[in-house]
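Visitor: need a 3D model of the sequence below.
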Amino acid sequence: MSKETLLEEFKLFSLGSGGIGSWLTKDADIEIFDRFDKIEESPIKKVQLNQLLVMGHEAPVSNGFFKYYWCDIPAGHPYDVQTVEYFPSESIGRDQILSLKEFKWGMARLFIDSLLYWGNVRTGYRELRNLSHKQLVELFNNKRYKIEDILSRGPSLELENIAKDKRYLISEMACKSYEAKEDVEEDLKELLLLAFRSFREKSTGSITIGTLITGDFVGSNYESRQVELSFSADEMIDVSVDSEEDIINSFDALYGEFSSAREAALLNTKRYLSMVNDLDVYVATSMRTRQDFRDMANKTEKIFTHKCLEDLEVRYFDPTLSAANGHENKGLIECLMVKCAKVLVYCAGEKESYGKDAEAAMALSLGKPVIFLCDHQQRARFYKEVHPLSRLIHFETGVAMGAIVTDKEDDVSILIERVFENKMQYDLEHDGNGYLRLKERLTDSIIRLQTNDRLLNETFWNHYHG
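Guide: Presented below is the predicted three-dimensional model:
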């Protein structure tokens with residue numbers, strides 16, 4: 001093969017960014033290309049590979065590194081290395097590189113590992129190239145999810161069930177309506193009675209509870225609470241009343257359901273806190289209507305009862321089953337859940353909220369896998385390509401973290417399974433100008449990147465850990 005043909009073979013790894021990314025470029029020594037041209041009839045061993053690296057102004061590798069990346073299929077890697085592009089399914093050399101395909105497979109693995117854990121290929125190569133085979137095995141084994149522990153831990157305490165149609169009653173808005181603070185605000189029943197008295201001063205006959213809430217009395221005196229009150233009274237919005245007794249009876253019936261749902265939700269929160277050390281997935285969402293609660297309950301049920309998760313018994317935080325004594329406690333609880341969970345699932349809605357955006361940002365900044373579930377392809381594109389949360393920085397390491405975005409609930413289940421079973425699948429993408437992206441294969445989401453802006457790249461890494 002000509003040098004031009006070999007450059008085309010190696011274009012994924014020719015970044016021009018310094019270090020290992022500048023080894024196989026058009027300016028490299030012709031002897032490097034001559035040797036790779038003969039690889040099929042004369043396989044390359046470690047000694048010769050190191051010579052080729054030195055000729056390309058790059059540092060050599062250890063015996064362990066050579067074995068791990070080109071002569072081994074490590075079962076203890078954080079992902080299945082056999083799914084990496086160029087995997088030589090026919091065979092791999094026991095102590096030598098047999099083909100260009102096998103060489104590119106090892107290079108692709110190196111690039112993927114470097115982007116995943118070090119944020120750029122040059123640093124990853126520097127950290128890995130001198131390690132022994134045993135050290136590499138231990139290093140990457142420690143980055144795996146401990147699936148054995150997940151499978152053997154047994155069931156957790158069961159959560160209290162709350163009918164899906166009643167879960168809206170556990171919300172903070174419902175709590176404010178049904179259990180108003182002393183000397184601060186009236187509860188829903190008192191406001192309905194006041195509104196009815198105002199109505200009766202002017203009119204006779206019956207009126208719906210919904211009209212009382214949206215009418216002049218509430219609008220003039222409690223306009224800022226109309227959304228909250230309508231939400232909390234959803235089940236009796238269309239109930240027609242013609243006396244204060246009708247209002248009291250309707251309210252008391254719904255208050256009993258509120259009390260039962262809230263008691264169960266508070267108990268569930270205690271159980272979530274008791275298992276926070278074993279929490280697998282945190283579900284972040286915002287729910288503003290009764291239908292939002294129904295939809296969210298159905299989504300979580302569908303995701304976590306998927307057949308691919310049957311054996312894992314994934315422990316997840318379901319926001320439709322949990323309540324707290326006050327919004328401040330709720331904030332502390334949710335921050336703890338995000339910190340302790342291994343994965344965050346972000347469920348996008350018609351409108352976004354500061355709360356779930358902050359939770360997703362926190363998870364990405366902690367280096368956790370974050371899966372965005374959107375309802376429509378157009379919104380999925382927005383999260384993949386526009387939303388600022390789609391790319392953040394792992395604060396501890398400086399690695400650029402990207403969210404995985406999908407509009408399919410089944411994808412979320414499959415991704416959760418792949419994360420915990422260490423079976424994620426990745427693809428490298430090089431734009432031809434030195435910009436490198438690592439994509440999650442199922443959704444084509446960019447989860448890591450290396451910029452081709454040399455000033456930015458050098459400045460970032462020179463100062464980030466300073």
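Visitor: do you know how far residue 77 is from residue 450?
Guide: 21 Å (Cβ to Cβ, to the nearest Å). (Each C-beta comes from the backbone N, C-alpha and C, glycine too.)
Visitor: same question, residue 323
Guide: 44 Å.
Visitor: so between these two, which is more surrounded?
Guide: Higher neighbour count among residue 323 and residue 450: residue 323, with 26 against 22, using other Cβ atoms under 10 Å.
Visitor: excluding its backbone neighbours, what's nearest that one?
Guide: Here the nearest residue to residue 323 in space, its sequence neighbours aside, is residue 265; by Cβ to Cβ, 6 or more residues apart in numbering that works out to 3.6 Å.
Visitor: secondary structure element for the one you found, which one?
Guide: Residue 265 is located in helix 244-274, with elements delineated by DSSP states H and E.
Visitor: quick one: contacts for the residue nearest to residue 323?
Guide: Residues in contact with residue 265, defined by Cβ atoms under 8 Å, 6 or more residues apart in numbering, are 160, 162, 170, 321, 322, 323.
Visitor: I'd assumed residue 449 was in contact with residue 116.
Guide: No: using Cβ atoms under 8 Å, residue 116 is not in contact with residue 449; the gap is 11.6 Å.
Visitor: between the two, what contacts are shared?
Guide: Common neighbours of residue 116 and residue 449, using Cβ under 8 Å, 6+ apart, are residue 438.
Visitor: what's the local residue count around residue 336?
Guide: Residue 336 sits with 15 neighbouring residues when counted by other Cβ under 10 Å.
Visitor: partners of the helix or strand following the helix holding residue 265, with directions?
Guide: As assigned by DSSP H and E, the chain's next helix or strand after helix 244-274 is strand 281-284. When pairing is defined by DSSP bridges, strand 281-284 lines up against strand 316-317 (parallel), strand 343-347 (parallel).
Visitor: which other helices and strands does the following helix or strand past the longest one contact?
Guide: Scanning forward in sequence from strand 343-347 by DSSP H and E, the next helix or strand is helix 354-365. Counting by 3 or more Cβ pairs under 8 Å, 6 or more residues apart in numbering; DSSP states H and E, the packing neighbours recorded for helix 354-365 are strand 281-284, helix 327-340, strand 343-347, strand 370-373, strand 391-393.
Visitor: the last one: which residues count as buried?
Guide: Along strand 391-393, these residues count as buried under the neighbour rule (16 or more other Cβ atoms under 10 Å): 392, 393.
Visitor: contacts for that strand?
Guide: Here strand 391-393 makes contact (Cβ under 8 Å, 6+ apart) with 361, 364, 365, 399, 400, 401, 402, 403, 446, 449.
Visitor: state the mean pLDDT of whichever helix or strand comes after it.
Guide: Of the helices and strands lying after strand 391-393 in sequence (DSSP H and E), the nearest is strand 400-402. Average pLDDT, strand 400-402: 93.
Visitor: re the thing from before, which among the contacts of residue 265 end up buried?
Guide: Neighbour counting by 16+ other Cβ under 10 Å classes 162, 170, 321, 322, 323 among these as buried.
Visitor: spatially nearest residue to the fourth one, not counting backbone neighbours?
Guide: Of all residues not flanking residue 322 in the chain, residue 269 sits nearest, at 4.8 Å (Cβ to Cβ, 6+ apart).
Visitor: now the one you found: how far from residue 176?
Guide: Taken as Cβ to Cβ, the span from residue 269 to residue 176 is 18 Å.
Visitor: show the contacting residues for residue 287.
Guide: Taking Cβ under 8 Å, 6+ apart, one finds 168, 171, 293, 296, 319, 320, 349 in contact with residue 287.
Visitor: how about stretch 231-244: buried residues?
Guide: Residues of stretch 231-244 classed as buried by neighbour count (16+ other Cβ under 10 Å): 231, 232, 233, 234, 235, 236, 237, 239, 241.
Visitor: what sits opposite the residue nearest to the spatial centre of the chain in the beta ladder?
Guide: In the chain, the centroid-proximal residue (Cα atoms, centre = their mean) is residue 370; its distance is 0.9 Å. Beta bridges link residue 370 to residue 344, judged by DSSP bridges.
Visitor: and the pLDDT for it?
Guide: 96.
Visitor: so what are the domain limits for the protein?
Guide: The chain breaks down by automatic domain parsing into domains covering 3-144, 148-160+268-463, 168-260.
Visitor: excluding its backbone neighbours, what's nearest residue 333?
Guide: Residue 333 sits nearest to residue 324 (Cβ to Cβ, 6+ apart), 5.6 Å away.
Visitor: residues contacting that neighbour?
Guide: By Cβ under 8 Å, 6+ apart, the residues touching residue 324 are 266, 269, 330, 333.
Visitor: and the last one, how far from residue 323?
Guide: Right, residue 333. Distance, residue 333 to residue 323, by Cβ to Cβ: 10 Å.
Visitor: need the residues touching each of these two.
Guide: Contacts common to residue 333 and residue 323, judged by Cβ under 8 Å, 6+ apart, are residue 269.
Visitor: ok, back up a step: closest one to residue 25 among the helices and strands packed on helix 354-365?
Guide: strand 391-393 (27.4 Å; Cβ to Cβ).
Visitor: who does that closest one pair with, and is each partner parallel or antiparallel?
Guide: Here, using DSSP bridges, strand 391-393 pairs with strand 400-402 (antiparallel).
Visitor: which residues does the partner strand contact?
Guide: Contact with strand 400-402 is made by 119, 364-365, 367, 370, 390-394, 445-450, as judged by Cβ under 8 Å, 6+ apart.
Visitor: returning to what we had before: who wins for most neighbours among the contacts of residue 287?
Guide: Busiest of the contacts of residue 287 [other Cβ under 10 Å] is residue 168, holding 27 neighbours.
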